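Student: Next one to model:
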Amino acid sequence: MGKYLLRRLAINVILVAVAASLAYMLAATTMNPRGAYEGRQPPVPEAVIDATLDAYNLNDKTPVLQRYATWASGVITGDFGKTWNGGSVNDEMGRRVWVSLRLLLIGTIVGFVVGVALGAWSAVRQYKISDRVIGVSAFVLMAIPVFVLATLLAIGTYNLNRGLGFTLIEYTGEYNPKLAGWDQLMNRLNHLILPTISLSIGVSGAAFYSRIQRNMMLDVLGQDFVRTAMAKGLRRRTALIKHALRTALIPSATYFAFALGTMFTGAIFTEKIYAWHGMGAWLVDAINANDVNSVAAVTFFAAVCVLAAGFLSDLLVAALDPRVRVS
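Tutor: Numbers count the residues shown, from 1 in each chain. Next comes the predicted model:
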């Protein structure tokens, strides 16, 4: 087991380095940070622009390999450099990660739990009214793009608040900075309601998990080990939960692990629509601002998350399937 883990860790480190390096090279050769300083009134002298870009390691007049070496040496020591306007990439990433974590973790977990429960229920009640209702609802929700669903929720909430004459549910922003203590905590929870709903029921949420779980559950229900468990005297509910559901959870658990790994940069539309300044929104803003170092930092972080998710997936499969053994 120890050798296996060390081998996986070494491979993951290499893959992260390759992914981050390619992302930096692509961003550095296609983006134009100089454009943020040119065309200003009054005009900025070219010497000043060059000096500023040199200080941020963004000068396109410097060979790209030299800029990459400077950036990579900083990353090794934990320094991701400066943004296009001189801010610290590390500070910005630290703040944005916690924003995304607060927003996305709840939605991802809620979507998984609800989707698995509905999928298992549908399989047990195959072809009954509840199964058909869940199936049709899931396909409708999966057909609606995330940005459409989030926009509809925001519009509906706005009209609801206007009809009531007071703000029942917040539909934009992370929290009200004028509040403090318990009031701010409740306000933060209120701001989480709509983003959590849009993330947990859409194409990558409960609707998707319910379809996977239903199909896998149907495959497992007819297996010999489930019939044997019930023949030995286990109640049907116990056999379904302890044996059938556990085995049928493997594909959903695998997808859930990777969903956790990609959630930090995978909710761009939700963050933009509800004005949450997380990692996904930062990636879009960095690309628009030709911010090479920020784009490279987001890509590096995403690569780490995806590879960590792959390792988590292996652990979940091993925990759910006793047949899996690591030599």
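Student: now the helices: where do they sit in the stretch 151-300 of the chain?
Tutor: 181-201, 206-221, 224-231, 236-239, 246-262, 268-273, 279-288, 292-320 (DSSP state H, counting those that start in this stretch).
Student: Between helix 206-221 and the fifth one, find me the angle.
Tutor: With axes from the mean of the first three to the mean of the last three Cα atoms, to 10 degrees applied, the angle from helix 246-262 to helix 206-221 works out at 150 degrees.
Student: what's the average pLDDT for helix 246-262?
Tutor: What helix 246-262 shows for mean pLDDT is 71.
Student: helices and strands around that helix, which ones?
Tutor: For helix 246-262, the packing partners by 3 or more Cβ pairs under 8 Å, 6 or more residues apart in numbering; DSSP states H and E come out as helix 89-124, helix 206-221, helix 292-320. C-beta here means a position set from N, CA and C on the backbone, and glycine is covered the same way.
Student: Tabulate those (JSON lines), appending mean pLDDT and distance to R67.
Tutor: Putting these into JSON lines (pLDDT from 0 to 100; distance: least, Cβ to Cβ, whole Å) gives the following:
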{"stretch": "helix 89-124", "mean pLDDT": "86", "distance to R67": "14"}
{"stretch": "helix 206-221", "mean pLDDT": "83", "distance to R67": "41"}
{"stretch": "helix 292-320", "mean pLDDT": "79", "distance to R67": "8"}
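Student: Looking at the ones you listed, which is nearest to Q184?
Tutor: Taking Cβ to Cβ, helix 89-124 is the member of those nearest to Q184, at 13.2 Å.
Student: Okay, buried residues for that closest one please.
Tutor: 89, 92-93, 96-97, 99-100, 102-104, 106-108, 110-112, 114-116, 118-124 (16 or more other Cβ atoms under 10 Å).
Student: closest to G39 out of the helices and strands packed on helix 246-262?
Tutor: G39 sits nearest to helix 292-320 of all the helices and strands packed on helix 246-262, at 19.3 Å, using Cβ to Cβ.
Student: Give the buried residues for that closest one.
Tutor: Across helix 292-320, burial judged by 16+ other Cβ under 10 Å covers 292-307, 309-310, 312-314, 316-317, 320.
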